[in-house]
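> Dropping a prediction and its sequence here:
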2 protein chains.
Amino acid sequence: MNESVKVKLKSIVGGNNFFDSYEDRLCYSYDATPLYQQLPEAVVFPESEEQISAVIKLANEARFAVVPRGAGTGLSGGSIPVENSVVVVMTRWNKILEIDTQNLTAWVQPGVVTGDLQKEVEKYGLFYPPDPGSLNVCTLGGNVANNAGGLRGLKYGVTKNYVLGIEMILPNGQLLKFGGKNMKDVAGYNLKDFIIGSEGTLGIITKILLRIIPMPTHSVTLLAYFDKLKDSAQSVSDIIAAHITPCMMEFLDNTTINCVEDYTKIGLPINAEAMLLIEVDGRGSSVFEDSELIQNLLKKNRAANIKIASDAAESLILKTARRSAFSALARRKPTTILEDATVPRSELPVMIEKVTEAAKKFDVIIGNFGHAGDGNLHPTCLTDERDEAEIEKAHKAFDFIFNEAIKLGGTITGEHGTGLAKKKFLEKVAGIPAIDMMMKIKLVIDENNILNPGKIFSISPRCEGTLPISRNQIKEFHK
Amino acid sequence: MNESVKVKLKSIVGGNNFFDSYEDRLCYSYDATPLYQQLPEAVVFPESEEQISAVIKLANEARFAVVPRGAGTGLSGGSIPVENSVVVVMTRWNKILEIDTQNLTAWVQPGVVTGDLQKEVEKYGLFYPPDPGSLNVCTLGGNVANNAGGLRGLKYGVTKNYVLGIEMILPNGQLLKFGGKNMKDVAGYNLKDFIIGSEGTLGIITKILLRIIPMPTHSVTLLAYFDKLKDSAQSVSDIIAAHITPCMMEFLDNTTINCVEDYTKIGLPINAEAMLLIEVDGRGSSVFEDSELIQNLLKKNRAANIKIASDAAESLILKTARRSAFSALARRKPTTILEDATVPRSELPVMIEKVTEAAKKFDVIIGNFGHAGDGNLHPTCLTDERDEAEIEKAHKAFDFIFNEAIKLGGTITGEHGTGLAKKKFLEKVAGIPAIDMMMKIKLVIDENNILNPGKIFSISPRCEGTLPISRNQIKEFHK
């Protein structure tokens, strides 16, 4: 990057908000996605909408890419810099601006950590349900950019269901304000929902208006172990068919159970083929009625043991068993590739078997867990990126898994996003007319393709290069 | 329209599916929106995706506009022909293609009547909640095109919350397929939600995949009358603040109560300033607990009388009192202008007063009713379009109402759409950057602006002319 451009950047954001040393650039060269890394030219922390707008206008003039970033917890490469890019970090935009207990809304800045908002609204007896695994770290701006899900998605839906309004700097530098506290609004095109899940390619979010709901008053948490994996899958189907909508219905396979027990030491049965974590919640006594029904169905499907949390503390322990799955799996080997293949609920048992088949066929370790209630599995490969042969096998295993998911009417990503990691599958899932429409829309909004280019799809590969640089190559830079 | 173009149209859809007599064109020259009318050049009933595609390709070549149409129940002019247009009627596409009781989904053609789908899924103990006032007539394609709401929106959301997939013929004639039975899918841009509510300007829908949910097992319906309108508004606020989410919470003012009683003769109190219809539903006994809480709050706010339906039949009668509001009001005078101003819930009492003020100030009769629980009012002017002075006053009254709604942070349309009737307010609600983005996207998808041009916004007014032709002028044609 031209020194004169750097000088201009510094004058926009201030010298103390501009970083271009090797070490600083290294810190922002990766996110939680394994295997991808790229040094940006610089990293900036803008303090105002005007500064963001000016950075973006400069990007259009000087033709560098802008990569927005929250906490960098993404799992498909959405925050990874591209060649000739400047990372715009939004984590300091971390204020909860307003909680309106009459309209049940919250205005937040994009850098607010999801878990922090949840704790804050709980003080008012209110509830912000979307609970991605990284909720204690990730930011709401990133959640909106990815339409983040979580365990509670089964009953409560995903981020998109809670966004009422967005303010965003467009790729032309204009500030776009959209939505408001109205519970219903159909004026004009639904730009709001189009922006949600656009993975930072259509603008930089500066403010979000969220819907919050009343906190459920009662809940029951259950853990059930199964000797046979298919009995757990059948339980899930039966519970849905019985018209019960649990708050969450989560699945862990034997590999995952063992990693979690190794980490948490809470006495999980390490020989069980599968474990289900189920929570029902709501107002009043129907919750207990539903809990009884669920227990009957679990027993009917030969659950070896059913544990019911006796209080909130025990409920938290049981849920932690599930919430720590990723971290627990990540302890086993140096590289953890967590994926996101989702299928229609009816295909869940088949898909679980396909994941097991992939691990055997390609000789890799895959722990499988996820949101059984909505068909969203997280097959997780435990491997070592320094071993090229291993990585080759892991890639083949995931290619197989994604192709099988697509064959079953599924998708390549239920909640993590396409980013870089799943671009090559997008055509199979979405089809050419859809991708064509996406690209046209992208280019009409971002004429110079400067905002997070190369994420989701490639418009002009030459200027979007993100080379999966191995950490060995980074060491080469260092010498 | 050139005779040769008509010949081509006939050869595409077949002579028996092509209509261009004066009488036939007249039948499709209007919809449920008062005051707007325009003769199309022709009306066609295509039988396949290929035929629709061919009509659209011809439209691009011969430069005529295509206006998609369902049952024509729209209230903002979305189905009204424009100059030099062909209406494409989709009502014969009325098959329910599949109900999947495992995945809880339904594939439907766009011409299926909303109420028919609801009756069908009820046979399986399932539920399709969105309930626009016209549900016994309107079609699901129109519902999707407008993101239709209804009484149950307060708890169950709107059409958008139930659409999992769409198949649509694009303005370039291509078939776009999007979405599927996955409960979660973030692959690529959220085209699906962008299409929902696009009012027929981005394509012609040919197939819809809907989410259906378990039918609630218990419900309680209550009717409460108030001597003072503001007590009813306060009741609504209190119920929301108590963290209860009724299935519906509907409001009727005195004018509306009188019209409804005149029509239904079910013994409504014609001196009450306001009436609330409230329904709570769910699984099991919490429903009755919530009903008790609600009754306490109604009494606290001086409800003069509270009636609780003793059985399903009585519940239906009470709900019919509300559902027949529009029809009942329409009996009073020849022209009924039903509008759709929505405000944040907290502003409901103020907005109700503004509507009353508008009626007085401009000396028109306005009955007010609507979805109190989500701030979506339906101020309805009872007038006579043959009286130009009256219509002038009605327009001024609605200008006032919309401006007041916008001042309160509201929107011009909660569920009816922008169409023709509310175009002039869009800029105030959405702002220029947003409209600019909408127009750019529209033009990149529909390069020749042939699909329902002039609805929502005007790109090139000269070719989008819909003159509000009065019925007197139509008579002129006839001579």
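Perfect, thanks for sending it.

> measure A:Leu104 to A:Leu210 for me?
Here A:Leu104 is placed at a distance of 10 Å from A:Leu210 (CB to CB, to the nearest Å). (C-beta placed from N, C-alpha, C; glycine too.)

> what residue ranges in the stretch 351-479 of chain A score low on pLDDT?
Applying pLDDT under 70 to the stretch 351-479 of chain A flags the ranges A:460-479.

> who's in contact with A:Gly409?
A:343-344, A:347, B:180-182 (CB atoms under 8 Å, 6 or more residues apart in numbering or on different chains).

> of all those residues, which two lie farthest apart?
A:Glu347 and B:Gly180 (11.0 Å; CB to CB).

> Of the contacts of A:Gly409, which is the most crowded?
Using other CB atoms under 10 Å in any protein chain shown as the neighbour test, the contacts of A:Gly409 are led by A:Val343, with 30 neighbours.

> what about the nearest residue to that residue once chain neighbours are set aside, neighbour count?
The shortest distance from A:Val343 to any non-neighbouring residue, by CB to CB, 6 or more residues apart in numbering or on different chains, is to A:Gly410 (3.5 Å). Neighbour count for A:Gly410, taken as other CB under 10 Å: 28.

> how far away is A:Gly410 from A:Lys354?
Note on A:Gly410: its distance to A:Lys354, by CB to CB, is 10 Å.

> same question, A:Met168
Distance of A:Met168 to A:Lys354, given as CB to CB: 39 Å.

> Compare the two and say which is more crowded by neighbours.
Legend: neighbour count by other CB under 10 Å for A:Met168 and A:Lys354, higher for A:Met168 (28 against 24).

> Hmm, A:Leu176 and the more buried one touching each other?
Yes: at 5.0 Å, A:Met168 and A:Leu176 qualify as touching, with contact defined as CB atoms under 8 Å.

> who touches both of the two?
Contacts common to A:Met168 and A:Leu176, judged by CB under 8 Å, 6+ apart, are A:Gly203.

> quick revisit: got the contacts of A:Gly409 as a markdown table, with pLDDT, distance to A:Ala321 and secondary structure columns?
Formatted as a markdown table, those follow (pLDDT from 0 to 100; distance: CB to CB, whole Å; DSSP: H, G, I helix; E, B strand; the rest coil):
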| residue | pLDDT | distance to A:Ala321 | secondary structure |
| --- | --- | --- | --- |
| A:Val343 | 94 | 24 | coil |
| A:Pro344 | 93 | 27 | coil |
| A:Glu347 | 91 | 26 | helix |
| B:Gly180 | 93 | 31 | coil |
| B:Lys181 | 93 | 30 | coil |
| B:Asn182 | 92 | 26 | coil |
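
> Among those residues, which one lies nearest to A:Gly15?
Nearest to A:Gly15 among the contacts of A:Gly409, counting by CB to CB, is B:Asn182 at 47.8 Å.

> ok, the closest one touching A:Asp340?
No: with contact defined as CB under 8 Å, B:Asn182 does not reach A:Asp340; the gap is 11.3 Å.

> any shared contact partners between these two?
A:376, A:414.

> List phi and psi for A:Ile365.
The phi/psi pair for A:Ile365 (degrees, to the nearest 10) reads phi -90, psi 120.

> list the contacts for it?
A:Ile365 makes contact with A:255, A:332-333, A:359, A:381-383, according to CB under 8 Å, 6+ apart.

> now it: how far from chain B?
26 Å (CB to the nearest CB, to the nearest Å).

> Get me the contact residues on the stretch 1-150 of chain A for chain B.
With CB under 8 Å from any CB of the partner chain as the criterion, the stretch 1-150 of chain A meets chain B at residues A:100-105, A:125, A:146-147, A:149.

> Let's see if you can find the most crowded of those residues.
Highest neighbour count within the residues of the stretch 1-150 of chain A next to chain B: A:Asn146, with 31 neighbours (other CB under 10 Å).

> Is it correct that it is in contact with A:His416?
Yes: here A:Asn146 reaches A:His416: they are 6.9 Å apart, a contact under CB under 8 Å.

> overlap in contacts of those two?
Joint contacts of A:Asn146 and A:His416 (CB under 8 Å, 6+ apart) are A:74, B:186.

> which bits of the stretch 301-450 of chain A sit near chain B?
A:342-346, A:371, A:374-376, A:409-418, A:422, A:425-426, A:429-431, A:433-435, A:437-438, A:440-445.

> Keep only those of those residues that are in helices.
A:426, A:429-430, A:433-435, A:437-438, A:440-445 (DSSP state H).

> for the stretch 151-300 of chain A, which spans come out with low pLDDT?
Judged by pLDDT under 70, no stretch of the stretch 151-300 of chain A qualifies at all.

> Minimum pLDDT in the residues of the stretch 1-150 of chain A next to chain B, which residue is that?
Sorting the residues of the stretch 1-150 of chain A next to chain B by confidence puts A:Gln102 at the bottom, with a pLDDT of 88.

> Check the gap between that residue and B:Ser237 for me.
Applying CB to CB, the value for A:Gln102 to B:Ser237 is 7 Å.
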